[in-house]
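Asks: pasting the sequence and the predicted coordinates here, then a few questions.
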Amino acid sequence: MAGKFKRGAVVYDKQGRDYTVESIDGGMVYCVSDSGVETEFPEAALTGEAEWNARNTGKRERLLDRLKASRLYAPPTPKLDRAASEQVLVKIEKLLPGIQTHAAVATARRVLAETGDQDLADEVTAAKCREAFDAAPPEARANLLAFVMGQPPAVLVGAGRLGDNLMRAMLDKFLEANPDFRGGARR
């Protein structure tokens, strides 16, 4: 009986690591990795290149729906005031443009890590992340922004009702902790 893989074919294990088939004997596939490590797998434990690519295409297509459905986008408990959450979101984006997109991307990476789909992290665009972020209720967005900024959500939302100086101080703290942040210029 012919196996489903041929010598020289690229195959993938369950973690997505790729190997080149060296030989097949009695249902066992003997492979070598790019680094030269030789290993063996039962034939059923491997996936061919076409099947692997089709699997990942389906995952990418469902990615936005999975992001929106994540528990991270649910309204937080304890509840935050909706109007105050909207107010702080507007104020923060005015003071530090791009921070909500940064929070959206960071949240998407957290969702992918929780679901074991880190391999799709490079394929997540900022636009898709922001679309999922903007679809969430203001309380959830304020909660996620607070997490990224390293602030308790209630403190961040409460600070939105106060003057801009406290918010600037919180944003300065965020920028010190995230020197690689590439949002818009602060006004």
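Replies: Happy to help now that I have it.
Asks: isn't Pro42 up against Tyr30?
Replies: No: contact status for Pro42 versus Tyr30: not in contact, 11.4 Å apart, counting by CB atoms under 8 Å. Where C-beta positions appear, they are placed from N, C-alpha and C, glycine not excepted.
Asks: looking at the two, which is more packed in?
Replies: Between Pro42 and Tyr30, counted using other CB atoms under 10 Å, Tyr30 has the larger neighbour count: 15 against 10.
Asks: confirm that one sits in a strand?
Replies: Yes: the assignment for Tyr30 (DSSP: H, G, I helix; E, B strand; the rest coil) places it in a strand.
Asks: so what pLDDT did it get?
Replies: Per-residue confidence for Tyr30 comes out at a pLDDT of 93.
Asks: separation between it and Pro76?
Replies: According to CB to CB, to the nearest Å, Tyr30 stands 51 Å off from Pro76.
Asks: try Pro153
Replies: The span separating Pro153 from Pro76 equals 6 Å under the rule CB to CB.
Asks: so what sits against both of these two?
Replies: Jointly contacting Pro153 and Pro76 under the rule CB atoms under 8 Å, 6 or more residues apart in numbering are Asn143.
Asks: which one's more surrounded, the two?
Replies: Taking other CB under 10 Å, Pro153 and Pro76 do not tie; Pro153 has more neighbours (22 against 19).
Asks: which stretches of this structure form strands?
Replies: Assigned by DSSP state E, the chain shows strands spanning 10-12, 18-25, 28-32, 38-42, 47-48.
Asks: show me what contacts Glu40?
Replies: Glu40 touches 28-31, counting by CB under 8 Å, 6+ apart.
Asks: what would those residues look like in CSV with distance to Lys128?
Replies: Conversion of those to CSV gives the following (distance: CB to CB, whole Å):
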residue, distance to Lys128
Met28, 41
Val29, 36
Tyr30, 40
Cys31, 34
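Asks: between the residues you listed, which is closest to Ala169?
Replies: The shortest separation between Ala169 and any of the contacts of Glu40 is 55.6 Å, and it belongs to Cys31 (by CB to CB).
Asks: what's the neighbour count on the closest one?
Replies: 24.
Asks: thought it was touching Phe41?
Replies: Yes: if you go by CB under 8 Å, Cys31 and Phe41 touch, sitting 6.7 Å apart.
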